[in-house]
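Trainee: A predicted structure for the sequence below; I have some questions about it.
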Amino acid sequence: MSRAFKLGLTGGIGSGKSTVAALLANLGAKVLDADAISRTVTAPGGLAIEPVRQGFGQEFIASDGAMDRGRMRALVYEDPDARRRLEAIIHPLVQQEIWRLASESEAAGVPCLVFDVPLLVESAFWRQRVDKVLVIDCSAETQISRVQTRSGLSRPAIEAIIAAQASRSERLAIADAVILNDGITFEALDARVRALAPGFGL
């Protein structure tokens, strides 16, 4: 079995990280999206539902059987201990599923695995398990503009999200490669991804 190149992908909200992930997928990479997997394990029947019910109570399970994400989000923003307890439930399940999918993809001969993990900067666990880190970078003003356009969130709400994430300088400090996605066309972004792709086994 040939070993796949393991690429860590990160960027702040509104940076264009999801767009870059899709472009890498078009070139033959397998994208392992931690957020998507997290949503799966907290969906009706998901592996996290029973531990969440036991750890937080029935009121954190919605009527459809999924975790009540709105109620849980409000709790963990207010209570750091609750955030740690939730992460202790969800993170191991997400890691387990990511490695299962990674092994499956590698066995199928996928040349590059893209680990799209929100806490890549903060987590030594993930940085030690990837060959390189690709950071999608842009200014805070660009982030705010993009997120307002797509979600309608207020500027203060977006600024709070940006403040809660790793800083721009912290992301750049761990980067092996950077794509500056500020004021460029989709075609130009695509060209930048294609220029870097051979270095990622694509």
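Mentor: Right, received. Where do you want to start? Not measured: the values here are computed from a predicted model. Numbers count the residues shown, from 1 in each chain.
Trainee: Am I right that Val130 is in a helix?
Mentor: No: judged by DSSP: H, G, I helix; E, B strand; the rest coil, Val130 forms no part of a helix; its state is coil.
Trainee: what about the nearest residue to it once chain neighbours are set aside, which SS state?
Mentor: Take Val130 and drop its neighbours on the chain: the residue closest to it by CB to CB, 6 or more residues apart in numbering is Gly8, 3.8 Å away. For the C-beta atoms, the positions are set from N, CA and C on the backbone; glycine is no exception. The three-state assignment at Gly8 reads strand, by three-state DSSP.
Trainee: Quick check: closest non-adjacent residue to Asp68.
Mentor: Ala62 (4.4 Å).
Trainee: got it, and Leu196?
Mentor: Per CB to CB, 6+ apart, closest to Leu196 is Ala177, 5.6 Å.
Trainee: Show the contacting residues for the one you found.
Mentor: 132-135, 196, 199 (CB atoms under 8 Å, 6 or more residues apart in numbering).
Trainee: Distance of it relative to Leu9?
Mentor: 10 Å (CB to CB, to the nearest Å).
Trainee: Ok, Arg194 next?
Mentor: 16 Å.
Trainee: In terms of neighbours, single out the busier of those two.
Mentor: Leu9 (25 against 14; other CB atoms under 10 Å).
Trainee: low-confidence ranges in the protein?
Mentor: 1-2 (pLDDT under 70).
Trainee: From the contact counts, what lies against the longest helix seen in it?
Mentor: Assignment by DSSP state H gives helix 80-107 as the longest helix of the chain. Contacts defined by 3 or more CB pairs under 8 Å, 6 or more residues apart in numbering; DSSP states H and E place helix 80-107 against strand 30-33, helix 34-41, helix 49-56, helix 69-78, strand 112-116.
Trainee: May I see the buried residues of the second one?
Mentor: Using 16 or more other CB atoms under 10 Å as the burial criterion, the residues of helix 34-41 that qualify are 34, 37-38, 40-41.
Trainee: That helix vs helix 69-78, what angle?
Mentor: Relative orientation of helix 34-41 and helix 69-78, computed by axes from the mean of the first three to the mean of the last three CA atoms, to 10 degrees: 120 degrees.
Trainee: Kindly export helix 34-41 (C-alpha atoms) in PDB.
Mentor: Provided in PDB are the C-alpha atoms of helix 34-41 (Å, rounded to 0.1, in the frame of the first residue of the first chain):
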ATOM      1  CA  ALA A  34     -13.600  17.200  11.200                       C
ATOM      2  CA  ASP A  35     -16.600  19.600  11.400                       C
ATOM      3  CA  ALA A  36     -18.700  17.400   9.100                       C
ATOM      4  CA  ILE A  37     -17.800  14.300  11.100                       C
ATOM      5  CA  SER A  38     -18.600  16.100  14.300                       C
ATOM      6  CA  ARG A  39     -22.100  16.900  12.900                       C
ATOM      7  CA  THR A  40     -22.500  13.200  12.000                       C
ATOM      8  CA  VAL A  41     -21.700  11.900  15.500                       C
END
